[in-house]
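Undergrad: only the shape, not the letters, is given here:
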């Protein structure tokens with residue numbers, strides 16, 4: 001047998017924040033043993049860069065231990081390696097550097113402060129850049145139980161450009177995720193990613209994590225904002241300005257009795273242009289009852305709203321800025337006489353449906369006519385003529401009616417199956 005033995009002392013050094021330390025492990029089996037100190041609980045990152053080994057392509061393991069010798073964290077890499085060290089208590093720490101297979105190695109080791117800090121919840125945007133490749137971001141914001149907040153990550157750039165996403169998570173003061181354990185945000189989503197933090201459960205400090213998926217450098221902007229509020233009254237347009245990334249509108253309306261209404265967004269303008277705005281309506285129990293979206297306008301028909309208070313959430317897509325006018329109107333509809341009397345109706349907004357009822361007895365034979373149809377714009381070549389619903393709510397039939405059918409369209413309901421109130425939509 002033949003072999004070579006080498007016994008060597010560690011290479012030592014002290015890391016200071018922001019100052020790269022060159023480490024030369026030029027003897028087989030030689031390790032690096034560096035130290036650094038934290039003076040208060042803080043988040044830091046530890047990076048080994050420009051790793052070169054002999055033979056080439058060998059990895060270098062980097063492990064961190066506290067003053068009692070307990071392992072804190074470790075990683076390894078062949079060219080670069082980064083450790084994110086969150087909430088390190090005040091004290092002295094040691095960093096062990098071990099090239100694999102007793103290879104020789106040189107590298108630069110850098111200890112930057114962590115990327116993070118408090119985010120104001122007033123809609124002020126803050127921009128951040130990583131100091132070393134693979135550095136995560138750790139941020140906080142304060143909220144009260146019941147707050148409705150919008151959270152946006154915009155302007156995400158990654159170098160190198162692949163992979164194209166980071167993981168974004170928001171955690172309660174207890175540590176439980178509000179985003180199902182984290183959501184991807186992609187560089188292709190522009191201006192950025194937005195999340196609704198509705199009715200947050202706790203009063204306290206929430207944590208925000210922006211986690212890189214590879215050894216990349218990143219820059220991005222974060223914004224936390226409170227909702228824009230307002231009360232909708234029938235027939236009165238309400239101007240809504242959502243000019244902070246991620247800011248959402250949270251309007252309310254009240255139905256005094258079971259009634260049909262329509263909700264319209266008009267004059268939608270976004271930055272960047274052409275982004276859609278989504279409108280969601282939920283009842284007092286937070287159950288969603290309707291949704292629509294549009295880039296210039298949108299109408300949501302709300303038939304048979306029970307008496308109560310309802311909330312309207314307005315959210316521009318992709319953290320775009322947006323302005324719009326929102327109007328609540330009474331629905332088109334009412335009781336149709338069955339004596340042959342004609343009644344005329346006009347929609348208040350594009351896309352507004354009509355909801356009508358009539359009384360019939362079992363066995364009745366009835367005819368219905370829809371005449372003088374006028375559509376603006378005229379490019380829509382048909383409307384749904386009607387859908388019949390029995391008194392028990394089941395559908396009887398549905399027909400189309402075209403504006404070219406002059407003077408109109410007719411349908412026959414022979415031998416009505418029930419005595420009671422029928423519905424036409």
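TA: Great, that's in hand. This is a predicted model, so every value here is computed, not measured. Residues are numbered from 1 along each chain as shown.

Undergrad: got any ranges where this protein has weak pLDDT?
TA: Residue ranges of the chain with pLDDT under 70: 379-386.

Undergrad: centroid residue for it?
TA: Residue closest to the average C-alpha location in the chain (Cα atoms, centre = their mean): residue 195, at 2.8 Å.

Undergrad: immediately after the host helix or strand of that one, which helix or strand?
TA: Using DSSP states H and E, residue 195 falls within strand 192-197. Next helix or strand after strand 192-197 toward the C-terminus (DSSP H and E): strand 204-212.

Undergrad: neighbouring strands for that next one, and are they parallel or not?
TA: Taking DSSP bridges as the criterion, strand 204-212 forms sheet pairs with strand 137-143 (antiparallel), strand 165-171 (antiparallel).

Undergrad: what pairs with the next helix or strand after the first one, and is each one parallel or antiparallel?
TA: The reference is to strand 137-143. Using DSSP H and E, the next helix or strand after strand 137-143 towards the C-terminus is strand 149-159. Note on strand 149-159: by DSSP bridges, its sheet partners are strand 192-197 (antiparallel), strand 217-226 (antiparallel).

Undergrad: residues contacting the strand holding residue 195, please?
TA: Under the contact criterion Cβ atoms under 8 Å, 6 or more residues apart in numbering, strand 192-197 has outside partners 143, 147-156, 168, 170, 178-179, 183, 185-186, 220-221, 245-246, 248, 313, 315-319. (Glycine included, C-beta is placed from N, CA and C.)

Undergrad: again, 7 Å this time
TA: With Cβ atoms under 7 Å, 6 or more residues apart in numbering as the test, strand 192-197 has contacts from 149-156, 168, 170, 178-179, 185, 245-246, 248, 315, 318-319.

Undergrad: cool, and stretch 415-425?
TA: Residues contacting stretch 415-425 (Cβ under 7 Å, 6+ apart): 353, 355-366, 386-392.

Undergrad: drop anything exposed from these.
TA: Buried subset of the contacts of stretch 415-425 (neighbour count, 16 or more other Cβ atoms under 10 Å): 353, 355, 356, 358, 360, 364, 386, 388, 389, 390, 391.

Undergrad: and the helix or strand hosting residue 72, which residues are buried?
TA: Element membership for residue 72, per DSSP H and E: strand 71-77. Neighbour-count burial for strand 71-77 flags 75, 76, 77 (criterion: 16+ other Cβ under 10 Å).

Undergrad: residues contacting the last one?
TA: For residue 77, the set of contacting residues under the criterion of Cβ under 7 Å, 6+ apart consists of 48, 51, 59, 60.

Undergrad: over to residue 45?
TA: Residue 45 sits next to 82, 83, 84, 85, 112, 114, 131, 132, 135 when contact means Cβ under 7 Å, 6+ apart.

Undergrad: got a winner among the residues you listed for most neighbours?
TA: Top of those by neighbour number is residue 135, holding 28 neighbours under the definition other Cβ atoms under 10 Å.

Undergrad: tell me the SS of it?
TA: Classification of residue 135 by DSSP: H, G, I helix; E, B strand; the rest coil places it in coil.

Undergrad: which one is it nearest to, not counting chain neighbours?
TA: In this structure, residue 135 finds its nearest non-sequential neighbour in residue 45, 4.7 Å apart by Cβ to Cβ, 6 or more residues apart in numbering.
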